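Participant: build me a structure from this.
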Amino acid sequence: MVYQITLNFEPCRSAGRGPCEQLQNKVIFYVIDANVSTSLPKTTSETSQDLVREIMNQIRRLMQAGELFTKELNKTYQVSVPQLHCLLALNENGPLPPSEIARYIMVKSSTVTGIIDRLEQKRLVYRIRNSPDRRIITIQLTEAGKELAQNAPPPIQQKIVDGLKKLPEDEIKQIILCLSKLTHLLDVQDLEVE
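Facilitator: Down below sits the predicted model:
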């Protein structure tokens, strides 16, 4: 941030040897050895460029945080983020049909089928067919799946949700507005979220 400050100094006996306090209209001035730049304040376009750069840096930080979490999750637990979401939904709600899992983790039913297949291959979940109609299935955690769900770190999305819950409603609305503007700029506002 750039501040323009104008100060009027009177001679100070200890100038150049350290701080010097002078009471003048109840204001304390300190004489500090410093290099002072005499450059002009930034122009509007330079300031705009700095702001855009900062927005891009913040977006990159969010993306990197997601990537770091994904890598660590894969390395430590050998599951992906959607697979962890599935395990957490089952751990929290008990056995569920795939359509309910899809609703909880906000993905399409076709997507959840692949997630369940991979989790079943890893012996973290299994399919139950209790109904006379063999097409109706319920997904349940294995003991290994329960252990992973209980010990894995919370997904980055959960950290965001927890953080947002602490903010006042007007700040949350401002964040929604800003993110909506970004999705419109990218022309992805109608993209279905998986």
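Participant: show me which helix runs longest in this structure.
Facilitator: helix 44-77 (DSSP state H).
Participant: so which other helices or strands are in contact with that one?
Facilitator: helix 81-93, helix 156-165 (3 or more C-beta pairs under 8 Å, 6 or more residues apart in numbering; DSSP states H and E). Every C-beta, even on glycine, is put in place using the N, C-alpha and C of the backbone.
Participant: shouldn't L148 be within a strand?
Facilitator: No - counting by DSSP: H, G, I helix; E, B strand; the rest coil, one finds L148 to be helix, located in no strand.
Participant: okay, it: pLDDT?
Facilitator: pLDDT, L148: 96.
Participant: same deal with the one 3 residues further on?
Facilitator: At N151, the predicted lDDT confidence score is 93.
Participant: please name the residues that touch it.
Facilitator: Under the criterion of C-beta atoms under 8 Å, 6 or more residues apart in numbering, N151 has no neighbours.
Participant: any weak-confidence spans in this structure?
Facilitator: Residue ranges of the chain with pLDDT under 70: 1-45, 194.
Participant: would you map out the domains in it?
Facilitator: As given by automatic domain parsing, the domain ranges for the chain are 78-153, 154-188.
Participant: flag every buried residue along the helix or strand harbouring S110.
Facilitator: In this structure, S110 sits in helix 109-121 according to DSSP states H and E. Under the neighbour-count criterion of 16 or more other C-beta atoms under 10 Å, helix 109-121 has 112, 115-116, 118-119 buried.
Participant: closest to S99 among those residues?
Facilitator: V112 (7.9 Å; C-beta to C-beta).
Participant: what about the residue nearest to that closest one when sequence neighbours are not counted, how many residues nearby?
Facilitator: Nearest residue to V112, sequence neighbours excluded (C-beta to C-beta, 6 or more residues apart in numbering): A102, at 4.2 Å. Per other C-beta atoms under 10 Å, the neighbour tally for A102 reads 22.
Participant: cool, P168 as well?
Facilitator: With other C-beta under 10 Å as criterion, P168 counts 8.
Participant: on that earlier part again, okay if I get the buried residues of helix 109-121 as TSV plus distance to I59?
Facilitator: TSV is the format used below for the buried residues of helix 109-121 (distance: C-beta to C-beta, whole Å):
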residue	distance to I59
V112	28
I115	27
I116	32
R118	29
L119	31
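Participant: looking at the residues you listed, which is nearest K75?
Facilitator: R118 (16.6 Å).
Participant: name the nearest residue to the closest one, sequence neighbours excluded.
Facilitator: Per C-beta to C-beta, 6+ apart, closest to R118 is Q83, 6.3 Å.
Participant: list the buried ones in the longest helix of the chain?
Facilitator: Buried residues in helix 44-77 (16+ other C-beta under 10 Å): 69-70, 73, 77.
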